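A.B. asks: Sequence and predicted structure are below.
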Amino acid sequence: MGKVLSSIKHPFRNFNLESRAHKVISQPKPKPAPKHTRDQIEIERLIKEYSDVYHASLKKNALLDERLKDVFVVADDPPPIIQPQNPSRPLPSDRSPSEPNLFGIKEPDIIPKGKTTLRNALQFLGKHQGDPNNYTAERIANDYCLPEHVVKNLLMYYRVFELYVPEQLKGNAKFAKASIPKVYIIHDIKKLPSGNLKKDET
């Protein structure tokens, strides 16, 4: 219903709009907005008590008008401050958007000793979970140049996600079947030889 009423009112509202706008603009002095009752009472009090000052404030001061014409504002921006570049830590010259990374952050090109990346941490955590006897804290510390006590804390308090499926599912669900109890993460994937394979070789 509102759309119907607005479609009816729009032609009447826009009728002779340009001439009405010119009529308002061509008025010598626009009509001021009506004052609040309290403001009007305050103005009447000022007129009674300080009539000379009030009427003088309404008159145009020619001296101030002439001084205002002599005032000019010139904006001079200071020269930009160029910071000297540190040759050991240069700023990036390539400002093109980077490609999306696997872990959400860009991995550094150079890894200092005693530090590691998220990819390497997940890699040696997964290897330790798969074969803790072979991938010990000492071996990981030597391979990745990390302090041994830091590696021991990582292996103690952090784990890579694993999937555990019970051998026998409880409940009355008939569509779920038992599966293997544990699934490990595979790190090293061997590349298959190219070419057609025979049925016996597959």
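C.D. replies: Received the coordinates, thanks.

A.B. asks: C-alpha only now, for contacts and for neighbours.
C.D. replies: Fine.

A.B. asks: For Val165, give its distance to Ile43.
C.D. replies: In this view, Val165 and Ile43 are 85 Å apart by Cα to Cα, to the nearest Å.

A.B. asks: now swap in Leu58 and tell me
C.D. replies: For Leu58, the distance to Ile43 - Cα to Cα - is 13 Å.

A.B. asks: Comparing those two, which residue is more hemmed in?
C.D. replies: It is Ile43, of Leu58 and Ile43, that has more neighbours when counted by other Cα atoms under 10 Å, with 13 against 8.

A.B. asks: pLDDT score for the more buried one?
C.D. replies: The score at Ile43 is 88. That number is its pLDDT.

A.B. asks: ditto for Asp70
C.D. replies: 86.

A.B. asks: repeat for Lys191
C.D. replies: 49.

A.B. asks: From what I see, Leu46 and Tyr54 are in contact.
C.D. replies: Yes - with contact defined as Cα atoms under 8 Å, Leu46 counts as touching Tyr54 (7.2 Å).

A.B. asks: quick one: low-confidence parts of the protein?
C.D. replies: Counting by pLDDT under 70, the chain has low-confidence residues at 1-9, 11, 166-202.

A.B. asks: Strands of that one, start to end?
C.D. replies: 163-164, 182-183 (DSSP state E).

A.B. asks: If you count contacts, what does the first one end up packed against?
C.D. replies: For strand 163-164, the contact count by 3 or more Cα pairs under 8 Å, 6 or more residues apart in numbering; DSSP states H and E identifies strand 182-183 as packing neighbours.

A.B. asks: quick one: the most centrally placed residue in the chain and Gly114, what's the gap?
C.D. replies: Note on the chain: the residue nearest the mean C-alpha position is Gly104, at 14.0 Å, using Cα atoms, centre = their mean. Applying Cα to Cα, the value for Gly104 to Gly114 is 22 Å.

A.B. asks: now Phe124
C.D. replies: For Phe124, the distance to Gly114 - Cα to Cα - is 15 Å.

A.B. asks: Counting neighbours, go ahead and name the busier of these two.
C.D. replies: Set Phe124 next to Gly114 and count neighbours by other Cα under 10 Å: Phe124 wins out with 22 against 12.
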